[in-house]
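In: Predicted model follows, preceded by the sequence.
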Amino acid sequence: AQSVTQPDIHITVSEGASLELRCNYSYGATPYLFWYVQSPGQGLQLLLKYFSGDTLVQGIKGFEAEFKRSQSSFNLRKPSVHWSDAAEYFCAVTNDYKLSFGAGTTVTVRA
Amino acid sequence: NAGVTQTPKFQVLKTGQSMTLQCAQDMNHEYMSWYRQDPGMGLRLIHYSVGAGITDQGEVPNGYNVSRSTTEDFPLRLLSAAPSQTSVYFCASSYSRGDHEQYFGPGTRLTVT
């Protein structure tokens, strides 16, 4: 069965600093991978996705993620964090239409 | 397009009551699904549908029923609400199996007392 682990429950980062959120997946075949963001009281918004091809994926809001098959990882990065990036971030994996989500990482941005 | 819409936004139920959470999409998507979100657990799949007339169970289906009589609508029914069903519920849809991106509704926050 597919599963996703996000090792960091909560990360605090200073505005302007870089951010990296970790995601490890377990899946037997080539996975389809996603990062979603959820602002407080809101629904989920897709940041980026990886289906195949280039292992470095660019997304919205200046985010990127790198797929590393050898490490079963799909880490999310942003070079310079803005206060508006404070939110909860979810990594997800699917092989068809059933998404399996990680538990999420809450990002706090301090001034 | 309105995308994926959900009603109501908030609901409070007493234990044992039943209700239906509504979900509709206007994107002609084949696939629709329901998730619940609980703190520290991410989103868990309740039920899903691959097209009108076809539904199947997800990871946590107990206590919930679904039906898919039209492409647009995918209601979630709570048969006899329990406090353990207090959660935020999200409906999602996607165009096809080949296009795995799912579009999420704004959510329904349900409290069962």
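Out: Perfect, I can see it now. Numbers count the residues shown, from 1 in each chain, chains lettered A, B, ... in the order given.
In: Which per-residue confidence value corresponds to B:His100?
Out: With respect to pLDDT, B:His100 scores 69.
In: Next: the one 4 residues further on.
Out: Model confidence at B:Phe104, given as pLDDT, is 92.
In: Kindly state the beta-bridge partners for the residue nearest the centre of chain B.
Out: The centre of chain B sits closest to B:Trp34, judged by C-alpha atoms, centre = their mean, with a distance of 2.9 Å. Legend: beta-bridge partners of B:Trp34 under DSSP bridges are B:His47, B:Cys91.
In: pLDDT at it, what is it?
Out: Per-residue pLDDT puts B:Trp34 at 97.
In: Quick check: nearest residue in space to the residue of chain A found nearest chain B, chain neighbours excluded?
Out: Taking C-beta to the nearest C-beta, chain B has its nearest neighbour within chain A at A:Phe101, 3.7 Å off. Just so you know, the C-beta spots here come from the backbone N, C-alpha and C atoms, and that holds for glycine as well. Spatially, and ignoring its direct neighbours in sequence, A:Phe101 is nearest to B:Gly42 (3.7 Å; C-beta to C-beta, 6 or more residues apart in numbering or on different chains).
In: swap in A:Leu99?
Out: Nearest to A:Leu99 is A:Ala92, by C-beta to C-beta, 6+ apart, at 4.6 Å.
In: cool, and A:Ser80?
Out: A:Gly16 is the one closest to A:Ser80 (C-beta to C-beta, 6+ apart), at 5.4 Å.
In: so the one you found touches A:Val81, yeah?
Out: Yes - judged on C-beta atoms under 8 Å, A:Gly16 makes contact with A:Val81 at a distance of 6.7 Å.
In: Compare neighbour counts for these two and give me the winner.
Out: Shown here are A:Gly16 and A:Val81; by other C-beta atoms under 10 Å in any protein chain shown, A:Val81 has more neighbours (20 against 12).
In: isn't there a strand covering that one?
Out: No - A:Val81 is assigned coil when assessed by DSSP: H, G, I helix; E, B strand; the rest coil, not a strand.
In: that older thread, and the residue of chain A closest to chain B, what does it touch?
Out: A:4, A:90-92, B:35, B:42-44 (C-beta atoms under 8 Å, 6 or more residues apart in numbering or on different chains).
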